[in-house]
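> Please work out how this folds:
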Amino acid sequence: MGLPVEAAAKRIGLKLEKLKQWEAEEATPTPRQLEKVADVYSRPVASFFLDTPPIEPPLPIDFRSGPGEPTELSAKTRLAIRKARWLQSVYGELVAERSAPAAIPRVATDAPEVLAEAMRRWLAVPLDGIQGKQPSEVLAVWRKALEASGILLFQFPIPIAEVRAFSLMEKFPAIVLSSKDSYPARVFSLFHELGHILLGRPGLCLPEVGRPRRDSSDVERLCNAAAGLALVPTKSFLAHGRVDEIRRGADLHDSLASLARAFGVSRQVVLRRLADTSVISWNAFSRMMNVLRAEFEAQEERKKKRKIVVPPSVKAVARLGNKFVNDALEARARGDITEADLTEFLGLKLQHVSEVEAIVGTE
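Model (predicted):
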């Protein structure tokens, strides 16, 4: 779980020395204590009776890291990775013999333009399908297209200082986004991770969409550039009236917000595309990126002070996606899984299942 032993003891409600004794097999927990340990470590009680510890697969190489760039991932992030893998496995069982895995068209290229075109063909959403929509609606459009193409999308409250997104390239590929991130940033991460899946080439990902660092991999730079091109196609972008106004000296800060709404992306993505297409200089890009970064940090501080209560059913659908939820409901209806299975997969109490059915039934 990535927990220091001191933190584990505190969560269990135990003296540090006692936990060390358990781990050294010098003492054993009571049944009640073992249940608490299982809860803290997010493992079934039965796993503690195995001859050897459960094998934990390696962390995904391909994850889009946040601005903190930690050397160690927290327990919350590690649990999100473990949960995503478990949900992938569950989904394979839910649709066994009823749904074939997506036939991912591998793209062998080092050209961002080629990869971007493959992304747009794979998702097949025209630009006017997102224009004028709110950021949350834009993400919903792309998510629906992604799930229709056979790729799962999950959202967990992963600390964005560590990881903003990652992808799992198994039988049923999945992209995992941080629900703590802004909606425009999640859209960019979705395309970035789709690039990795289409390439079949995982790589450590950058925390932001600014200029690539020297130590970023070729795959990383390729996915970043392709995501920007796919979301903001050059021809449509340069033909936009606001871009022409920027060339003639219009206020860059105000213009960024307008262009971001037009293309359903973040202001950072628009800023990068302006620099890529030589509409603005890289010096102007760096200055404005510092302004946007300061505004983002101030916005994050304001968000911490807001308390928004989201119903459990709404959380479940946002976390798992309509594709996973609908297939789970259908498996229950066929008798392939029990009510208990369904509530475990959805992470809900039985009383909320009817609310989930109402939500996905309106989509």
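
> Excluding chain neighbours, what is closest to residue 158?
Distance criterion C-beta to C-beta, 6 or more residues apart in numbering; nearest residue to residue 158, sequence neighbours excluded, is residue 178 at 4.1 Å. Every C-beta, even on glycine, is put in place using the N, C-alpha and C of the backbone.

> Only the buried residues of the top helix by length along the chain, if you could.
Longest helix in the chain, counting residues (DSSP state H): helix 282-305. Across helix 282-305, burial judged by 16 or more other C-beta atoms under 10 Å covers 285, 288-289, 292, 296.

> quick one on the thing from earlier: the residue nearest to residue 158 reaches residue 154, doesn't it?
No - Residue 178 is not in contact with residue 154 according to C-beta atoms under 8 Å; the separation is 10.5 Å.

> re the thing from before, could you point out which element follows the longest helix of the chain?
Using DSSP states H and E, the helix or strand that follows helix 282-305 in sequence is helix 312-320.

> Buried ones in that following helix, by neighbour count?
Within helix 312-320, the residues that qualify as buried are 313, 315-320, counting by 16+ other C-beta under 10 Å.

> which residues touch whatever helix or strand residue 86 lives in?
Assigned by DSSP H and E, residue 86 belongs to helix 75-94. With contacts defined as C-beta atoms under 8 Å, 6 or more residues apart in numbering, helix 75-94 is touched by 1-3, 7, 42, 56-57, 59-60, 73, 152, 154, 156-159, 162-163, 166, 168, 170-172, 174, 176, 320, 324, 327-328, 331, 336-337, 345.

> Export only the CA atoms of it, formatted as PDB.
Taking Å, rounded to 0.1, in the frame of the first residue of the first chain, the C-alpha atoms of helix 75-94 are listed here in PDB:
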ATOM      1  CA  ALA A  75      -1.200   4.600  -0.500                       C
ATOM      2  CA  LYS A  76      -4.200   6.400  -2.100                       C
ATOM      3  CA  THR A  77      -2.600   6.300  -5.500                       C
ATOM      4  CA  ARG A  78      -1.400   2.700  -5.200                       C
ATOM      5  CA  LEU A  79      -4.900   1.700  -4.100                       C
ATOM      6  CA  ALA A  80      -6.400   3.500  -7.200                       C
ATOM      7  CA  ILE A  81      -4.000   1.500  -9.500                       C
ATOM      8  CA  ARG A  82      -4.900  -1.800  -7.700                       C
ATOM      9  CA  LYS A  83      -8.600  -1.000  -7.900                       C
ATOM     10  CA  ALA A  84      -8.400  -0.100 -11.600                       C
ATOM     11  CA  ARG A  85      -6.800  -3.500 -12.300                       C
ATOM     12  CA  TRP A  86      -9.400  -5.300 -10.300                       C
ATOM     13  CA  LEU A  87     -12.200  -3.500 -12.200                       C
ATOM     14  CA  GLN A  88     -10.600  -4.500 -15.400                       C
ATOM     15  CA  SER A  89     -10.600  -8.100 -14.300                       C
ATOM     16  CA  VAL A  90     -14.200  -7.800 -13.100                       C
ATOM     17  CA  TYR A  91     -15.300  -6.300 -16.400                       C
ATOM     18  CA  GLY A  92     -13.700  -9.200 -18.300                       C
ATOM     19  CA  GLU A  93     -15.800 -11.600 -16.300                       C
ATOM     20  CA  LEU A  94     -19.000  -9.600 -16.700                       C
END
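
> ok, residues contacting whichever helix or strand comes after that helix?
Towards the C-terminus, the helix or strand next in line after helix 75-94, according to DSSP H and E, is helix 112-123. The set of residues external to helix 112-123 that reach it, using C-beta under 8 Å, 6+ apart, is 105, 107, 109, 142, 145-146, 149, 191, 194-195, 198-199, 222-223, 225-230, 233.

> mind listing what's buried in helix 112-123?
Quick answer for helix 112-123 (16+ other C-beta under 10 Å): 112, 115-120, 122-123.

> a markdown table for those, including pLDDT and distance to residue 35?
Below are the buried residues of helix 112-123 laid out as a markdown table (pLDDT from 0 to 100; distance: C-beta to C-beta, whole Å):
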| residue | pLDDT | distance to residue 35 |
| --- | --- | --- |
| 112 | 95 | 52 |
| 115 | 96 | 49 |
| 116 | 95 | 51 |
| 117 | 95 | 53 |
| 118 | 94 | 49 |
| 119 | 94 | 46 |
| 120 | 92 | 50 |
| 122 | 91 | 45 |
| 123 | 91 | 45 |
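
> Among the residues you listed, find me the one that's closest to residue 36.
Residue 36 has its nearest neighbour among the buried residues of helix 112-123 in residue 123, at 44.8 Å by C-beta to C-beta.

> Poorly predicted segments of the stretch 51-200 of the chain, please.
For the stretch 51-200 of the chain, the stretches flagged by pLDDT under 70 are 61-62, 64-71.

> did I read that right, residue 159 in a helix?
No - read with DSSP: H, G, I helix; E, B strand; the rest coil, residue 159 is coil and lies in no helix.

> I'd assumed residue 127 was in contact with residue 141.
No - judged on C-beta under 8 Å, residue 141 makes no contact with residue 127 at a distance of 11.2 Å.

> that older thread, identify the farthest-apart pair in the buried residues of helix 282-305.
With C-beta to C-beta as the measure, no two of the buried residues of helix 282-305 lie farther apart than 285 and 296, at 15.8 Å.

> what about stretch 166-173, how long is it end to end?
Length of stretch 166-173, first residue to last, C-alpha to C-alpha, to the nearest Å: 11 Å.

> Distance from it to the middle of the chain?
How far stretch 166-173 lies from its chain's middle: 12 Å, per C-alpha atoms, centre = their mean, to the nearest Å.

> center of this structure - which residue?
The centroid of the chain falls nearest to residue 177 when counting by C-alpha atoms, centre = their mean (0.9 Å).
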